[in-house]
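1. Turn this into a model:
(one chain, ligands or ions: 1)
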Amino acid sequence: MTLLRNFVVAGFVAATPGAFAHGTDDHGGKQGPLRKEQKAWGIAGDAPAAQRTVEIRMSDNMRFGPDRLEVRRGETVRFVVHNAGTVMHEFVIGTKAELEAHAALMKKYPNMEHDEPYMAHVAPGKTGEIVWTFNREGEFDFACLLPGHYDAGMTGRIRVAGR
Ligand SMILES: [Cu+2]
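-> Residues are numbered from 1 along each chain as shown. I've put the predicted structure just below:
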């Protein structure tokens, strides 16, 4: 079963080039400005366009507060993500399938570095920020993908409703 699952995850990642920048050689160092790439769960937003600020708290009990959000399609949200814990946490938005695949990769390669406009890595006591435009309707998730955190239930849900 474990073998089968690994195979499925590897297949999923291989089938979505560009979904994650997780090759062996494209880590470390940002290449220019953040890419604005349309994702199933939206696209990078511009801070001045943000209609709303949502504060998210992350803690060592492996929970987000709040862990449920509702937004309107087309809404640009500024997320201010505070790490109230004593270890690193991160806030990553995605589909459940992508987050699960990503969490599996993080387990395999715990030192993997990555940065995308839909994720904020936040050191203990610090605050991170991302701006995201939810231009697609649907049910999406957010999660902390650090090894062990996702499995411990560090996830939340975002519902993007039509106008
Ligand atoms: Cu975490």
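
2. Just give me the residue closest to the centre of the chain.
-> residue 92 (1.4 Å; C-alpha atoms, centre = their mean).

3. State the distance from it to the ion.
-> 10 Å (C-beta to the ion, to the nearest Å). Backbone N, C-alpha and C define where each C-beta goes, glycine included.

4. and that residue, what are its bridge partners?
-> Applying DSSP bridges to residue 92 gives these bridge partners: residue 119, residue 143.

5. Wait, it touches residue 143, no?
-> Yes. The pair residue 92 / residue 143 is scored as a contact, 5.7 Å apart, by C-beta atoms under 8 Å.

6. where do the contact lists of those two overlap?
-> Both residue 92 and residue 143 are contacted by residue 99, under the criterion C-beta atoms under 8 Å, 6 or more residues apart in numbering.

7. ok now stretch 100-109, how far from the chain's centre?
-> In this view, stretch 100-109 has its centroid 13 Å away from the chain centroid, taken as C-alpha atoms, centre = their mean, to the nearest Å.

8. what comes up buried for it?
-> 100, 101, 102, 103, 104, 105, 106, 107 (16 or more other C-beta atoms under 10 Å).

9. and the last one, what helix or strand is that in?
-> What that stands for is residue 107. Here residue 107 is covered by helix 96-108, with elements defined by DSSP states H and E.

10. Remind me what that helix packs against, helices and strands.
-> helix 2-14, strand 89-94, strand 138-143 (3 or more C-beta pairs under 8 Å, 6 or more residues apart in numbering; DSSP states H and E).

11. By mean pLDDT, show me the worst of those.
-> Mean pLDDT values for these show the minimum at helix 2-14, a mean of 41.
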